[in-house]
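**Student:** using only what follows, build the 3D model:
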Amino acid sequence: MNDEAENIPQINYPQDAAGEAGRQPVKKNVKKVKTKQRRKGKKSIHIGIGSLMLMAFCSFLIVIATFLQLDVTHLIIPAKFWSGGPCSADDFIYSIKYIPQIPVIMFIVGLLGRRLGITSVILYIITGLFFLPVFALGGGWRYIFEYSFGYILAYIPAAFILGTILKKGYSYKNTAKAVLLAVITIHAAGLLYMMCLAYLKHAGWGFVLSWTSAQSGIKIVYDFVFSYLAVLVAKYARIILWFYL
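**Tutor:** Numbers count the residues shown, from 1 in each chain. Here you go, the predicted model:
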């Protein structure tokens with residue numbers, strides 16, 4: 001019996017066409033389900049009334065910072081101390097009039113994120129160019145010929161850089177990296193814009209050097225320190241804001 005069973009030829013039956021046809025719709029349905037899941041996974045952009053009001057408020061906050069001057073006083077080591085010259089108590093005290101516009105920009109991006117933060121900055125720029133004199137020296141489309149307008153334009157790429165890096169987290173190290181690159185972007189773009197206008201207006205190198213020292217000298221340090229603190233404040237303000245909204 002075993003030998004006869006072994007000698008029985010094996011017949012390879014053709015596959016059932018109906019069975020194969022029945023499997024095909026299943027595969028199509030799986031693909032459709034996956035496509036729907038992918039579509040659901042995509043984030044859609046929705047800006048509600050609350051977001052619009054928040055962006056408008058942040059743009060107004062930039063205007064306030066434009067006309068706000070802070071008296072910053074701290075201790076320094078004067079150059080006379082190193083040269084061995086006589087020093088008085090006043091030589092160790094340094095005071096400066098500081099306009100906190102850049103830290104406010106950093107705060108807004110840290111609070112709203114990259115997309116809404118950039119929108120708030122653009123809203124501020126459009127308002128100053130076409131509607132209200134919200135810039136430091138006025139407004140109107142002719143303001144593009146002012147030497148300081150390059151710093152204002154640089155708020156947009158700086159906000160993009162800051163918001164992109166902060167997406168990775170608000171750790172102290174990552175925040176310092178984001179703020180440093182954003183501040184450098186503002187001052188580098190602002191100086192480049194000023195030099196181009198100075199060249200077109202035939203301004204001398206004396207003017208360029210004095211402007212650089214006044215606008216991007218020691219102020220870079222203040223911009224970094226205050227911007228870093230502003231982003232840290234925005235980190236917790238963001239948590240509180242999103243919790244209540």
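**Student:** any figure for the gap between the spatially most central residue of the chain and Thr175?
**Tutor:** Nearest residue to the geometric centre of the chain (C-alpha atoms, centre = their mean): Ala159, 2.4 Å. According to C-beta to C-beta, to the nearest Å, Ala159 and Thr175 sit 15 Å apart. C-betas here are computed from N, CA, C, even on glycine.
**Student:** what about the host helix or strand of Ser59, average pLDDT?
**Tutor:** Using DSSP states H and E, Ser59 falls within helix 49-66. The pLDDT scores in helix 49-66 average 90.
**Student:** mind listing the strands the very next helix or strand once past it pairs with, and their directions?
**Tutor:** Following helix 49-66 in sequence order, the next helix or strand is strand 70-75 (DSSP H and E). According to DSSP bridges, strand 70-75 forms sheet pairs with strand 93-98 (antiparallel).
**Student:** counting by contacts, list what the helix or strand that the strand it pairs with is followed by packs against.
**Tutor:** Using DSSP H and E, the helix or strand that follows strand 93-98 towards the C-terminus is helix 101-112. Judged by 3 or more C-beta pairs under 8 Å, 6 or more residues apart in numbering; DSSP states H and E, helix 101-112 is in contact with helix 49-66, helix 114-130, helix 155-166, helix 172-200, helix 219-244.
**Student:** make TSV out of these and add distance to Pro86.
**Tutor:** Output for the helices and strands packed on helix 101-112, formatted as TSV (distance: least, C-beta to C-beta, whole Å):
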stretch	distance to Pro86
helix 49-66	40
helix 114-130	48
helix 155-166	43
helix 172-200	35
helix 219-244	27
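**Student:** ok, Leu192 to Ile93 distance?
**Tutor:** 34 Å.
**Student:** hang on, the earlier thing: which residues touch the residue nearest to the centre of the chain?
**Tutor:** Residues near Ala159 by C-beta atoms under 8 Å, 6 or more residues apart in numbering: 105, 108-109, 114, 117-118, 121, 182.
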